[in-house]
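Asker: structure of the sequence below:
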Amino acid sequence: MRIVVTGSIAVDHLTTFPGAFTDHLITEQLDHLSLSFLADGLDIHYGGVAANIAAGLGRLGHRPVLVAAVGQDFAAYRAWLEQEGVDTESVLVRSAEYTARFWCTTDQKQNQIATFFPGAMSAARDIELAAVRDRVGDVALVVIGANDPVAMVEHTAECRRLGLPFAADPSQQLANLDTDAVRGLVEGARYLFTNEYERALLLRRTGWAEDRVRSAVGTWITTLGAGGARVESAGGMALTVPAVPTVKITDPTGAGDGFRAGFLAARSWGLPFEAAARLGCMVATIVLEAAGTAEYRLDGPELLARISDAYGKAAAARIAPRLAAAGLARPTELPPKLVLEP
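Answerer: Numbering: from 1, shown residues only. This is a model prediction of the structure:
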């Protein structure tokens, strides 16, 4: 049974400004803004929520199916994903477009100025999940990640028509979806993923109370940052799993996607919700400690040692055979450096 991951694929361009943006703003001239900042350096990373989740699942021994739309510059990114165990045959390539790009400059006060260019992502609405199912066979779950808003709505509707179980993960697109669209994404989902802010925004967008949301989905998972994760259902299940302590936070971006990869991998192995949330929190911490959203390594012995320290020896023993079966008895190699095509 395969996990299909839909959503965005992007390339992130990250720069730093050795000062404060606010020092260069003239209040009385803000309606005639014209500024240029000299950045210290440039880091280019693979990104996009679907690619991040799929790469994590690939490292955990799965062969996830990535479903997204990209542009003419995708060849190097495709090769990288395939090396990480991701099936990219269902990725739609638009030769006249470029893959989505994200540019972000961060100053010394952690203020950010960013631009997102969707590029070929808008073509995701042209992808039919029926064709994906016919190619790969049995589908265990379809993850509906942040994507072209029309594509998210259409993919969810098609899951219902085809009888495919799906996970709703609207994340940053919640702000761009109206009430009916958000309700449609949530209703009938096997899993609903949000962080704390998205949880509040989802309640506002749907106009539903928390009990109504819980009755609409199988399980609602809310990531809590340093607080770990909460898992709840209409049946009365409510558990909170603390986060795995970090050695050093390098980059918080992508930690939620790492959690989803760990959680979904564990659930597909038949592990209970608490064990799944623990693995999700462990992978999220690994992402926090690495540069980039998906450029991290998974060291099986280290994972087990840190899970044991955070949750106890029994928790580590429960997941050890699964990690060994996934090929993580030994450390994975560091991913190769990104090579960006022109």
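Asker: report the buried residues of the strand or helix carrying residue 264.
Answerer: Residue 264 is part of helix 255-268 when elements are defined by DSSP states H and E. The neighbour-count criterion (16 or more other Cβ atoms under 10 Å) identifies 255-268 as the buried residues of helix 255-268. The way it works is simple: take the backbone N, C-alpha and C, and place the C-beta from them, glycine included.
Asker: now do that helix, average pLDDT.
Answerer: For helix 255-268, the per-residue pLDDT values average out at 96.
Asker: from the chain's centroid, how far away is that helix?
Answerer: In this view, helix 255-268 has its centroid 9 Å away from the chain centroid, taken as Cα atoms, centre = their mean, to the nearest Å.
Asker: any chance of the buried residues of helix 255-268 in a markdown table, plus distance to residue 44?
Answerer: Supplementary listing: the buried residues of helix 255-268 in a markdown table, determined by distance: Cβ to Cβ, whole Å:
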| residue | distance to residue 44 |
| --- | --- |
| 255 | 20 |
| 256 | 21 |
| 257 | 18 |
| 258 | 20 |
| 259 | 24 |
| 260 | 24 |
| 261 | 22 |
| 262 | 26 |
| 263 | 28 |
| 264 | 27 |
| 265 | 27 |
| 266 | 31 |
| 267 | 33 |
| 268 | 32 |
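Asker: circling back to that earlier point, against which helices or strands is the next helix or strand after the helix holding residue 264 packed?
Answerer: Using DSSP H and E, the helix or strand that follows helix 255-268 in sequence is helix 273-288. Contact partners of helix 273-288 among helices and strands, from 3 or more Cβ pairs under 8 Å, 6 or more residues apart in numbering; DSSP states H and E: strand 219-223, strand 229-232, strand 238-241, helix 255-268, helix 300-311, helix 313-325.
Asker: outside of the last one, which residues touch it?
Answerer: By that I understand helix 313-325. In this structure, residues lying in contact with helix 313-325 by Cβ atoms under 8 Å, 6 or more residues apart in numbering are 60-61, 266, 269, 271, 275, 278-279, 300, 303-305, 307-308, 329.
Asker: mind giving me the packing neighbours of the helix holding residue 264?
Answerer: Under the contact definition 3+ Cβ pairs under 8 Å, 6+ apart, helix 255-268 sits against helix 49-59, strand 139-145, strand 191-195, strand 219-223, helix 273-288.
Asker: the second one pairs with which strands, parallel or anti?
Answerer: According to DSSP bridges, the neighbouring strands of strand 139-145, each with its direction, are strand 2-6 (parallel), strand 166-169 (parallel).
Asker: give me the distance from the longest one to the chain's centre.
Answerer: In terms of Cα atoms, centre = their mean, the centre of strand 2-6 is set 12 Å apart from its chain centre.
Asker: quick revisit: wait, which of the buried residues of helix 255-268 is closest to residue 196?
Answerer: Within those, proximity to residue 196 (Cβ to Cβ) peaks at residue 256, which comes in at 10.9 Å.
Asker: which residue packs closest to the closest one, ignoring adjacent ones?
Answerer: residue 223 (5.4 Å; Cβ to Cβ, 6 or more residues apart in numbering).
Asker: quick one: that neighbour from residue 244, how far?
Answerer: Summarising the geometry, the distance separating residue 223 from residue 244, computed by Cβ to Cβ, to the nearest Å, is 13 Å.
Asker: name the residues contacting each of those two.
Answerer: Shared contacts of residue 223 and residue 244, defined by Cβ under 8 Å, 6+ apart, comprise residue 284.
Asker: one step back: what subset of the contacts of helix 313-325 is buried?
Answerer: 60-61, 266, 269, 271, 275, 278-279, 300, 303-304, 307-308.
Asker: residue 97: which of the residues you listed is nearest?
Answerer: Comparing those against residue 97 with Cβ to Cβ places residue 60 closest, at 31.3 Å.
Asker: from residue 129, how far out is the closest one?
Answerer: If you go by Cβ to Cβ, the gap between residue 60 and residue 129 works out to 23 Å.
Asker: hmm, back to that, any idea which of the helices and strands packed on helix 273-288 gets closest to residue 45?
Answerer: Proximity to residue 45, assessed across those by Cβ to Cβ, is greatest for helix 255-268 (12.6 Å).
Asker: for residue 15, which of the helices and strands packed on helix 273-288 is the nearest?
Answerer: Short answer: helix 255-268, nearest of those by Cβ to Cβ, at 21.0 Å.
Asker: need the CA coordinates for that closest one. CSV is fine.
Answerer: Output in CSV follows, covering the C-alpha atoms of helix 255-268 (Å, rounded to 0.1, in the frame of the first residue of the first chain):
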residue,chain,number,x,y,z
ALA,A,255,9.9,20.8,11.1
GLY,A,256,6.1,20.3,10.7
ASP,A,257,6.7,18.4,7.5
GLY,A,258,9.2,16.2,9.3
PHE,A,259,6.6,15.5,12.0
ARG,A,260,4.1,14.4,9.3
ALA,A,261,6.6,12.1,7.7
GLY,A,262,7.5,10.4,11.0
PHE,A,263,3.9,10.2,12.1
LEU,A,264,2.5,8.8,8.8
ALA,A,265,5.4,6.3,8.5
ALA,A,266,4.7,4.9,12.0
ARG,A,267,1.0,4.7,11.4
SER,A,268,1.5,2.8,8.2
